[in-house]
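Participant: I'd like to go over a predicted model; first the sequence, then the structure.
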Amino acid sequence: MTLLIVLPGVLLFAVFSWWPILRGLIIAFQKTNLITTSWVGIENFERVLADPLLGQALGNTALYAVLALVIGFPVPLIAAVLMAEMRRARKFASVLVFVPVIIPPVVSLLLWKVFYDPSSRGLFNSVFGVFGIDPLPWLQSPSTAMFSIILVATWGTFGSATIIYVATLLSIDTQLYEAAEIDGASILRRLWHITLPQMRGTILLLLLLQIIGTFQVFTEPYLLTGGGPNNSTVTLLMLVFRYAFIYGNFGQAAALSLMLAIALSVFAALYLYLSRKWSRS
């Protein structure tokens, strides 16, 4: 009886999860248009590695990852520390920071395109105009397009990370802070010796998820810039999209996806190793 109850869920999971993964692995070694197929071995991988756009997409993705971590990782943590010190306004602040999470991504990106209007009518350029600053081509210039995308992505993930940090902060035993305060520890010493060690697991987990997320970025550059200008915002997943749905080469798309999955698995394995090592210590 138990088997009959579990079986439908297992079958659905196998059909919609394991089968696509297995099919993707097979397609990575085939030349196919999803109707006719031929086995080509590692030819798809060789063509992907020989593509000059791969280096640019990898560089763009790495740049995005570094800047997104530098800008987007500490901001939720700082906001969470400030919110944890609040008493009356904490609930209101929690609702406020969670707003970006509940707004559909497509809707928020359309709003950001209005904000980034390169003319003087754009929201940001209108503010700059008050101070006598010329309008900026936010999404139309290679020098500003990537930063503009990172700002949008940081805004979108800010709320969920902040709420998780706040929940972790509020779960820390207050007696630790009281004992440290009696011993004369300053706020910075309490933050360094109590708060951060107690939050280490949460920080490491969110850092791993953010690293994986940065290498999977697609929606923001696709809808805001389409990979331009001059391929300055083409990411690895955008290259996968081009291989599959623009060039019709599903084999190369699957090959690049497989290489990306292997690279991300390394980060996941590193996280498991560090988490086990720190839990033992």
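Facilitator: All right, it came through fine.

Participant: I'd like to check what contacts stretch 145-157. Which residues are they?
Facilitator: 60, 63-64, 67-68, 71-72, 75-76, 100-101, 105, 108-109, 112, 116, 138-139, 210, 213, 217, 220-221, 224-225, 228-229, 232-233 (Cβ atoms under 8 Å, 6 or more residues apart in numbering). For the C-beta atoms, the positions are set from N, CA and C on the backbone; glycine is no exception.

Participant: Helix, strand, or coil at Pro135?
Facilitator: coil (DSSP: H, G, I helix; E, B strand; the rest coil).

Participant: who's in contact with the closest residue to it other than its chain neighbours?
Facilitator: Distances taken as Cβ to Cβ, 6 or more residues apart in numbering place Asn125 nearest to Pro135, at 4.0 Å, with adjacent residues excluded. By Cβ under 8 Å, 6+ apart, the contact list for Asn125 reads Asp117, Pro118, Ser119, Pro135, Leu136.

Participant: burial count for the fourth one?
Facilitator: Here the number of neighbours of Pro135 (other Cβ atoms under 10 Å) works out to 16.

Participant: wait, isn't it in contact with Pro118?
Facilitator: Yes - taking contacts as Cβ atoms under 8 Å, Pro135 lies within contact range of Pro118: 6.1 Å.

Participant: Now Asp117. Its backbone dihedrals?
Facilitator: phi -50, psi 120 (degrees, to the nearest 10).

Participant: I figured it hits Leu123, correct?
Facilitator: Yes - applying Cβ under 8 Å, one finds Asp117 in contact with Leu123, separated by 7.3 Å.

Participant: just the buried members of the contacts of Asn125?
Facilitator: Buried positions within the contacts of Asn125, assessed by neighbour count (16 or more other Cβ atoms under 10 Å), are Asp117, Pro118, Pro135, Leu136.

Participant: where along this protein do the strands fall?
Facilitator: 30-32, 37-39 (DSSP state E).

Participant: so of the ones you listed, which one's packed in deepest?
Facilitator: Neighbour counts (mean count of other Cβ atoms under 10 Å) averaged over each of the strands of the chain peak at strand 30-32, with a mean of 18.

Participant: List the neighbours of it that are in contact with it.
Facilitator: By Cβ under 8 Å, 6+ apart, strand 30-32 touches Thr37, Ser38, Trp39, Val40, Glu43, Asn44, Asn249, Phe250, Gly251.

Participant: from the residues you listed, which two are the most distant?
Facilitator: Trp39 and Asn249 (15.1 Å; Cβ to Cβ).

Participant: Find the residue at the geometric middle of the protein.
Facilitator: Gly213 (2.7 Å; Cα atoms, centre = their mean).

Participant: any idea how far Arg90 is from that residue?
Facilitator: 27 Å (Cβ to Cβ, to the nearest Å).

Participant: ok, now Ile163?
Facilitator: For Ile163 relative to Arg90 (Cβ to Cβ), the value is 11 Å.

Participant: likewise Asp183?
Facilitator: 27 Å.

Participant: who touches stretch 66-82?
Facilitator: 97, 146-147, 150-151, 153-154, 157-158, 161-162, 165-166, 168-169, 191, 195, 203, 206-207, 210-211, 214, 217.

Participant: For it, buried residues please.
Facilitator: Across stretch 66-82, burial judged by 16+ other Cβ under 10 Å covers Leu67, Ala68, Gly72, Phe73, Val75, Pro76, Leu77, Ala79, Ala80, Val81.

Participant: How about stretch 159-173?
Facilitator: Applying 16+ other Cβ under 10 Å to stretch 159-173 flags Gly159, Ser160, Ala161, Thr162, Ile163, Ile164, Tyr165, Val166, Thr168, Leu169 as buried.
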